[in-house]
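# Predicted model follows, preceded by the sequence.
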Amino acid sequence: MSRNYPIEKFRNIGVMAHIDAGKTTTTERMLFYSGFLHKIGEVDDGTAFMDWMEQEKERGITITSAATPCYWKDHAINIIDTPGHVDFTAEVQRSLRVLDGAIAVFCAVGGVEPQTETVWNQADQYNVPRIAYVNKLDRLGADFFNVVQEIKDKLDANPVPIFIPIGSSNAFEGIIDLVRERALYFNAEDYGVTFEEKEIPSEHKERASQYRQAMVETFVELDEEVMLEYLDGVEPDELTLRKLIRKGVIENSIIPVLCGSSLKNVGVQMLLDAITYYLPSPADISSYDGYDPKDYSIKVNRKAKDSERFSALAFKTTTDPFVGKLTYVRIYSGTLKVGSQIQNVSENKKEKILKLMKMESNKRLELKEVYSGDIVAIPSLKFTRTGDTLTDLSSPVLYEKIFFAEPVINQAVEAKTLSDQDKLVDVLKKLEEEDPTFKHGVDKDSGQLIISGVGELHLEIIVDRLNREFKIPVKTGNPQVSYRETLRLDAKSEAEFENQIGGENQYGKVFIKVEPNNRNEGIEINHLYTSKAEKDFAKMMDDGAKEAVQIGPKGYQVEDVKITILNFSNDDVRTTGLGLKVATTMAVREAVRKDDTILLEPIFKVEITTPDEYMGDVISDINSRRGRVEGVEQKLNRQFIKAKAPLSEMFGYVTKLRSVSQGRASYSMLFSHYEPSLKK
């Protein structure tokens, strides 16, 4: 079986932005114009194809990243529509990890909003090439040129408009293509499928000329030969300009900016063109770097070629009601057939490929073989979790895992009936496999089942899914903050352990010192003894120290501590690794207990958007929640307030904010750091 499309005509792209910038609406239009959908769905009506979960339809927000293939001008495009709400940034992060390019959608009124910065930084982290699309130019207060300036100032990027709008707000009529120097007007009667090309209107010619000149001067600098010709008075033709724009995008040095109104069906076809013209194919990535699983100091790379050895990264798992566990996989190199046996390098386990599927949102298309560059779903993998590397059996490589934010908010949950309690635990395990930012466990003191997430909405969605999707009626307690604790002073301790475990005598004696570490520096373990301990001994003592700080005297995880192993018993006859591990755990716990720890609470960045007239009430309310206002910025008739506040004071804030602003203010929260709490 051969490819339907050559790898050079593949595009794996994500759509990312702040909540309500129009990501899903834009994606719906892309699917419509490419012929995948025959009817446009709307987010506000709950009919958007990409928002298939009931919770997404009801709330009008994207919660999970949905993947769908479409086809445009002889190119195959895998589109992943990612969430914009801060509680679901893990979905964005794991999608960006496996994508080759991204579209950053900006609201023409809101500009660079808080969550935009978060996802932009995530894209920077993975070095993802991107293009920008300024949406909602028909909205009152829309300002395309202000958004371009904000991209430059706030995101430290190099945006270059390749389209500019004809008018804005109520006067928005169409867009000007600066590459081709044409004005485009879209037909409202056929949802913008057809459009008319005209000369640039005389009143817009001067501005279009200025922006075209700036665009050309920026891109010709990427090629010395073209630049010399340009200095001699030779304008680059359309094909040359497109090659230069593509070069700038793939190098991640320039962000081309497009514009339109997805809701009004203006400019989305040009966005599809830009995906094929400018964003990279898997073949444009020189290689995918990993490590030798037996020796991490040895780098191993794979090229996006079907002739290479098979390698892939599992970036997401979901539970499907029809096929069970589904693992989403990005294939970096080689091919994979149904019936193959592969290696999960991360877990050192073998997996059997029973089926291969191409996902279309929540719909499935079975395949017999898949190729490098593909994004597919594999059902029934027994051992594979998010971030695991899959390879052929003979030539393993290990790709870097995906790291996610730790949960900071807890809530007690229990099934309403005893018969559902065991079922509830099983479902929570499945949800934990799906979502790396969700955890569950049993409170040792109360015996309650505790669920943990990154925000109120996150846990609210989890509980809603338990009730409706999994048919388990549950009762919940009030959300609880995930506190931490740390040391006040230095302390020393020693411990000796001797006992029989597993029929063998285990012995160890250690001398340790604990002291406060710098805030947010985590746990640091040092070794001061002069004798040369076996590596296994040092590792066992490290493991014992880490185990000791999982729960401190106040019942919370201990953070920001330096632990120094001063000395230990190094008797070849008596001392064992397990004995040293237990002794280290005992010594560290004793030292921490002596110290009387400080309680730390999570502090969140809070960014609030409010009309001018409610600013005083909003700031007053934040102050009453022990918040600190760190800055206020005005845009048009709205105020953007930046503050930091303890999570414990922010429960129910959405209701209060709606109350003081008559529903016109909005906010987002993002974890910042831990600091000493007023709570004793």
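Received it, and whenever you're ready, just let me know what you need. As the structure is a prediction and not an experimental result, all values here were calculated from the model.
# Mind listing residues that contact stretch 339-346?
293, 310, 336, 349-354, 381, 383-385, 387-393, 396-398, 401 (C-beta atoms under 8 Å, 6 or more residues apart in numbering). Glycine gets a C-beta too; all of them are placed from N, C-alpha and C.
# List the ones among those residues that fall in strands.
Using DSSP state E, the members of the contacts of stretch 339-346 that fall in strands are Leu336, Lys349, Lys350, Glu351, Lys352, Thr389, Leu390, Thr391.
# These, buried ones only, as a PyMOL selection?
Filtering the ones in strands among the contacts of stretch 339-346 down to the buried ones (16 or more other C-beta atoms under 10 Å) takes a single PyMOL command:
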select buried, resi 336+351+389+390+391
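# closest to Ala304 among the ones in strands among the contacts of stretch 339-346?
Leu336 (13.8 Å; C-beta to C-beta).
# Would you confirm that the closest one contacts Leu356?
Yes. Between Leu336 and Leu356 there is a contact at 6.8 Å, judged by C-beta atoms under 8 Å.
# Find the residues that touch each one of the two.
Common neighbours of Leu336 and Leu356 (C-beta under 8 Å, 6+ apart) are Glu369, Val370.
# Ile523 and Asp543, how far apart?
12 Å (C-beta to C-beta, to the nearest Å).
# Phe511 too?
Applying C-beta to C-beta, the value for Phe511 to Asp543 is 18 Å.
# Same question for Glu229.
Taken as C-beta to C-beta, the span from Glu229 to Asp543 is 64 Å.
# Check Ser307 too.
43 Å.
# hang on, the earlier thing: between the ones in strands among the contacts of stretch 339-346, which is closest to Ala314?
Closest approach between the ones in strands among the contacts of stretch 339-346 and Ala314, by C-beta to C-beta: Leu390, at 6.3 Å.
# So in terms of bridging, what pairs with that closest one?
Leu390 forms beta bridges with Ala312, Asn344, as assigned by DSSP bridges.
# three-state assignment of Leu37?
Secondary structure state of Leu37, per DSSP: H, G, I helix; E, B strand; the rest coil, is coil.
# Mind jotting down where the strands sit in the stretch 501-650 of the chain?
Under the criterion DSSP state E, counting those that start in this stretch, the stretch 501-650 of the chain carries strands at the ranges 504-516, 523-527, 557-558, 561-568, 598-611, 628-635, 638-646.
# which stretches of the stretch 1-150 of the chain form helices?
For the stretch 1-150 of the chain, the helices defined by DSSP state H, counting those that start in this stretch cover 23-33, 54-59, 89-98, 114-125, 144-155.
# Save those as JSON lines, and put in mean pLDDT and distance to Val588 too.
As requested, the helices of the stretch 1-150 of the chain are exported to JSON lines (pLDDT from 0 to 100; distance: least, C-beta to C-beta, whole Å):
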{"stretch": "helix 23-33", "mean pLDDT": "88", "distance to Val588": "47"}
{"stretch": "helix 54-59", "mean pLDDT": "43", "distance to Val588": "43"}
{"stretch": "helix 89-98", "mean pLDDT": "72", "distance to Val588": "31"}
{"stretch": "helix 114-125", "mean pLDDT": "78", "distance to Val588": "33"}
{"stretch": "helix 144-155", "mean pLDDT": "94", "distance to Val588": "43"}
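# Looking at those helices, which is nearest to Val660?
Of all those, it is helix 114-125 that lies closest to Val660, at 19.5 Å by C-beta to C-beta.
# Show me which parts of the closest one are buried, residue by residue.
Buried residues in helix 114-125 (16+ other C-beta under 10 Å): Pro114, Gln115, Thr116, Thr118, Val119, Trp120, Gln122, Ala123.
# mind listing the strands for the stretch 51-200 of the chain?
Under DSSP E, counting those that start in this stretch, the stretch 51-200 of the chain gives strands at 66-72, 75-81, 101-107, 130-135, 159-161, 163-166, 174-177, 182-186, 195-198.
# Pipe these into JSON lines and attach mean neighbour count, mean pLDDT and distance to Ile598 per row.
As requested, the strands of the stretch 51-200 of the chain are exported to JSON lines (neighbours: other C-beta atoms under 10 Å; pLDDT from 0 to 100; distance: least, C-beta to C-beta, whole Å):
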{"stretch": "strand 66-72", "mean neighbour count": "21", "mean pLDDT": "80", "distance to Ile598": "44"}
{"stretch": "strand 75-81", "mean neighbour count": "25", "mean pLDDT": "86", "distance to Ile598": "43"}
{"stretch": "strand 101-107", "mean neighbour count": "25", "mean pLDDT": "94", "distance to Ile598": "41"}
{"stretch": "strand 130-135", "mean neighbour count": "27", "mean pLDDT": "96", "distance to Ile598": "42"}
{"stretch": "strand 159-161", "mean neighbour count": "22", "mean pLDDT": "98", "distance to Ile598": "45"}
{"stretch": "strand 163-166", "mean neighbour count": "24", "mean pLDDT": "97", "distance to Ile598": "54"}
{"stretch": "strand 174-177", "mean neighbour count": "24", "mean pLDDT": "96", "distance to Ile598": "57"}
{"stretch": "strand 182-186", "mean neighbour count": "19", "mean pLDDT": "96", "distance to Ile598": "61"}
{"stretch": "strand 195-198", "mean neighbour count": "13", "mean pLDDT": "94", "distance to Ile598": "63"}
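# Please tabulate the ones you listed in TSV and include distance to Val582 as additional columns.
Formatted as TSV, those follow (distance: least, C-beta to C-beta, whole Å):
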stretch	distance to Val582
strand 66-72	47
strand 75-81	47
strand 101-107	49
strand 130-135	51
strand 159-161	58
strand 163-166	66
strand 174-177	69
strand 182-186	72
strand 195-198	73
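# Out of those strands, which gets nearest to Thr27?
Nearest to Thr27, of the strands of the stretch 51-200 of the chain and by C-beta to C-beta, is strand 75-81 at 4.4 Å.
# Just checking: what are the partner strands of that closest one?
Strand 75-81 is paired, per DSSP bridges, with strand 10-16 (parallel), strand 66-72 (antiparallel).
# what is the orientation angle of it with helix 23-33?
Between strand 75-81 and helix 23-33, the angle comes out at 150 degrees (axes from the mean of the first three to the mean of the last three C-alpha atoms, to 10 degrees).
# So Met669 sits against Val606, correct?
Yes. If you go by C-beta under 8 Å, Met669 and Val606 touch, sitting 5.4 Å apart.
# got any residues that touch both of those two?
Residues touching both Met669 and Val606 (C-beta under 8 Å, 6+ apart): Met650.
# what bits of the stretch 301-450 of the chain have low per-residue confidence?
Within the stretch 301-450 of the chain, the stretches with pLDDT under 70 are 321, 360-363, 405, 408, 444-446.
# For the stretch 351-500 of the chain, which segments count as strands?
In the stretch 351-500 of the chain, strands defined by DSSP E, counting those that start in this stretch lie at 356-360, 363-367, 369-371, 375-379, 389-391, 409-415, 439-442, 449-453, 474-481, 484-486, 491-501, listed in chain order.
# Thank you, goodbye.
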